[in-house]
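Asks: okay, predicted coordinates and the sequence, questions at the end:
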Amino acid sequence: MSPVEHLITSGTFSLDGGTWEVDNNVWIVGDDREVLVIDPAHDAEAIAAQVGDRRVTAIVCTHAHDDHVNQAPALSERFGAPVLLNPDEAQLWKLTHPDRRPDGELAAGQTLTVAGIDLHVLPTPGHSPGSTCLHVPELGIVFTGDTLFQGGPGATGRSYSSFDTIIDSISRTLLALPGETTVHTGHGGSTTIAAEAPHLEEWIARGH
């Protein structure tokens, strides 16, 4: 069994009075005994079916836009697993779950371990104030949520986002990773650090 499993779920994203149809990547990391779920979007039943009878050690949200966290409390209750989120996402989280707080925080320097696999927490604000990536050096992978996609940075045109901040996060934190690192994103296809790095100046010019 691969240590990384991928599920695509479909639903909507709502913010600033607008709603859009979206397909989200849900990532499951672990082995045949225990797993960690990244960005539990839209379809709790499909995610639970993929997990099966394995123990869930944590439900990790890269950020708190509703399409990334809408099933977090339901899965937390179902599996008895804590929801982990960067505390700088509190305002966005409350828009979706006003009566339920996350169970734990994600912070710089923290390491989450599941099935002997270490995921290093990398705060990468910009798409949202507490957007966070998870780097798995031994697998040569980084989970970037909506910070970095195939083709460029995540959107920064809505509330709580900043183009200058996301560019700084990508250039300082993500482009510092080995070029061969596979980038598993929150939406769409995967890419590599090496494939995206040459385009930084283009993104900056386009963003301004």
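Replies: Thanks, I have it.

Asks: the helix or strand encompassing Ile167: how far from the chain's middle?
Replies: Using DSSP states H and E, Ile167 maps to helix 163-169. Mean C-alpha position of helix 163-169 versus that of the full chain (C-alpha atoms, centre = their mean, to the nearest Å) differs by 17 Å.

Asks: how about it: buried residues?
Replies: Burial within helix 163-169, assessed by neighbour count using 16 or more other C-beta atoms under 10 Å, is assigned to Phe163, Thr165, Ile166, Ile167, Ser169. The way it works is simple: take the backbone N, C-alpha and C, and place the C-beta from them, glycine included.

Asks: same check, this time on stretch 25-38
Replies: In terms of neighbour count (16+ other C-beta under 10 Å), stretch 25-38 has its buried residues at Asn25, Val26, Trp27, Ile28, Val29, Gly30, Glu34, Val35, Leu36, Val37, Ile38.

Asks: show me what contacts the fourth one?
Replies: Yep, that's Ile28 we're talking about. By C-beta atoms under 8 Å, 6 or more residues apart in numbering, Ile28 lies in contact with Val4, Glu5, His6, Leu7, Val35, Leu36, Val37, Ile38, Ile47, Gln50, Val51.

Asks: closest to Glu201 out of the buried residues of stretch 25-38?
Replies: Comparing the buried residues of stretch 25-38 against Glu201 with C-beta to C-beta places Asn25 closest, at 27.3 Å.

Asks: name the nearest residue to that closest one, ignoring sequence neighbours.
Replies: Gly186 (5.7 Å; C-beta to C-beta, 6 or more residues apart in numbering).

Asks: same question for Ile28.
Replies: Using C-beta to C-beta, 6+ apart, the closest residue to Ile28 is Glu5 (4.2 Å).

Asks: got the buried residues for the helix or strand where the one you found lies?
Replies: Per DSSP H and E, Glu5 falls inside strand 4-15. Residues Val4, Leu7, Thr9, Gly11, Phe13, Ser14, Leu15 are the ones in strand 4-15 that count as buried (16+ other C-beta under 10 Å).

Asks: one step back: may I ask which two of the contacts of Ile28 are separated the most?
Replies: Spatially, the most separated pair among the contacts of Ile28 is Val4 and Ile47, at 14.7 Å (C-beta to C-beta).

Asks: coming back round to it: how about CSV for the buried residues of stretch 25-38, with secondary structure, pLDDT and distance to Ala205 added?
Replies: Below are the buried residues of stretch 25-38 laid out as CSV (DSSP: H, G, I helix; E, B strand; the rest coil; pLDDT from 0 to 100; distance: C-beta to C-beta, whole Å):
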residue, secondary structure, pLDDT, distance to Ala205
Asn25, strand, 98, 28
Val26, strand, 98, 34
Trp27, strand, 98, 32
Ile28, strand, 98, 37
Val29, strand, 98, 36
Gly30, strand, 98, 41
Glu34, strand, 98, 45
Val35, strand, 98, 41
Leu36, strand, 98, 38
Val37, strand, 98, 37
Ile38, strand, 98, 32
